[in-house]
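>>> Need a 3D model of the sequence below.
(one chain, ligands or ions: 1)
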Amino acid sequence: MEKEIKSIIQQIGEDSSREGLLKTPARVKRAWKEIAAGYEMDPDAIIQGALFEAEGKEMIIVNDIDFYSTCEHHMLPFFGKAYIAYIPGTKIVGLSKLARVVEAFARRLQVQERMTAQIADCLQKNLEAEGVAVVLRAQHLCMMMRGVQKQNSYAVTSEMLGAFKNNSKTRSEFLTLMRD
Ligand SMILES: [Zn+2]
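Numbers count the residues shown, from 1 in each chain. A predicted model of the protein is given here:
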């Protein structure tokens, strides 16, 4: 990978032998190990390892989960916050695991729409929940840094499953609580 990164540095018009750039290929390679660490994470196992018996059917919401991902069209970052809710079936999961599932899907080459659906499907499947809702709100550097120049626009995507899809009262309860 270092060879290819050195080649990219040269092709964009830089001098790859300049002192500040000498160790850049090695640093970029190390950075990508973290940026793409999701490929080695198993989101199903993260949930399965922290399941508990549910004691009620109340909506569980976790707001403002920070995430950093990479758009697969330009290999530039998109980042923002995830809002997740579910209504338990028979099981609940440790709250910190929701952030880890987001991370497992974020640290890959992604499109925001697919990442939203993947998080929701993973929770629905492993929790056998009565409903799952996932909203992602993100800024995309490929839009902000390039010609489009939509500096302060956010892309918002949502996936509603089960009760959140079928029951408008449940859905609006979530949408109200996620704004607080
Ligand atoms: Zn892009």
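>>> How about the residues of this protein by the ion?
C71, H73, H74, C142 (C-beta under 5 Å from the ion). C-beta coordinates here come from the backbone N, C-alpha and C atoms, glycine included.
>>> residues in contact with the third one?
Under the criterion of C-beta atoms under 8 Å, 6 or more residues apart in numbering, the contact partners of H74 comprise C142, R146.
>>> Just the buried residues of stretch 165-175, please?
Across stretch 165-175, burial judged by 16 or more other C-beta atoms under 10 Å covers T170, R171, E173, F174, L175.
>>> quick one: which two of the residues of the chain next to the ion are the most distant?
Across these, the longest distance by C-beta to C-beta is 6.7 Å; it joins H73 and C142.
>>> Between these two, which has more neighbouring residues?
Between H73 and C142, C142 has the larger neighbour count (other C-beta atoms under 10 Å), namely 15 against 11.
>>> does the closest residue to the more buried one other than its chain neighbours sit in a helix, a strand or a coil?
Closest residue to C142 apart from its sequence neighbours, by C-beta to C-beta, 6 or more residues apart in numbering: H74 at 3.9 Å. Secondary structure, DSSP: H, G, I helix; E, B strand; the rest coil: H74 is coil.
>>> burial count for L141?
By other C-beta under 10 Å, 14 other residues sit near L141.
>>> domain parsing for this protein?
2-35, 37-177 (automatic domain parsing).
>>> Looks like V93 contacts A54 (just checking).
No: contact criterion C-beta atoms under 8 Å: V93 and A54 do not qualify, at 9.8 Å.
>>> Could you say which of the domains of the chain is packed most deeply?
Highest mean neighbour count among the domains of the chain (mean count of other C-beta atoms under 10 Å): domain 37-177, with a mean of 17.
>>> gap between that domain and the chain center?
Using C-alpha atoms, centre = their mean, to the nearest Å, the mean C-alpha position of domain 37-177 is found 6 Å from that of the whole chain.
>>> tell me, what residue is most central in this structure?
A106 (3.6 Å; C-alpha atoms, centre = their mean).
>>> would R179 count as being in a strand?
No: read with three-state DSSP, R179 is coil and lies in no strand.
>>> so how many other residues sit close to it?
R179 is flanked by 8 other residues according to other C-beta under 10 Å.
>>> Just the helices from the protein, written as ranges.
Taking DSSP state H, the helices of the chain run over residues 2-11, 24-35, 43-48, 96-106, 112-127, 141-144, 163-166, 168-177.
>>> Now tabulate those helices in JSON lines and tack on distance to I84.
As requested, the helices of the chain are exported to JSON lines (distance: least, C-beta to C-beta, whole Å):
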{"stretch": "helix 2-11", "distance to I84": "35"}
{"stretch": "helix 24-35", "distance to I84": "22"}
{"stretch": "helix 43-48", "distance to I84": "12"}
{"stretch": "helix 96-106", "distance to I84": "5"}
{"stretch": "helix 112-127", "distance to I84": "7"}
{"stretch": "helix 141-144", "distance to I84": "24"}
{"stretch": "helix 163-166", "distance to I84": "11"}
{"stretch": "helix 168-177", "distance to I84": "10"}
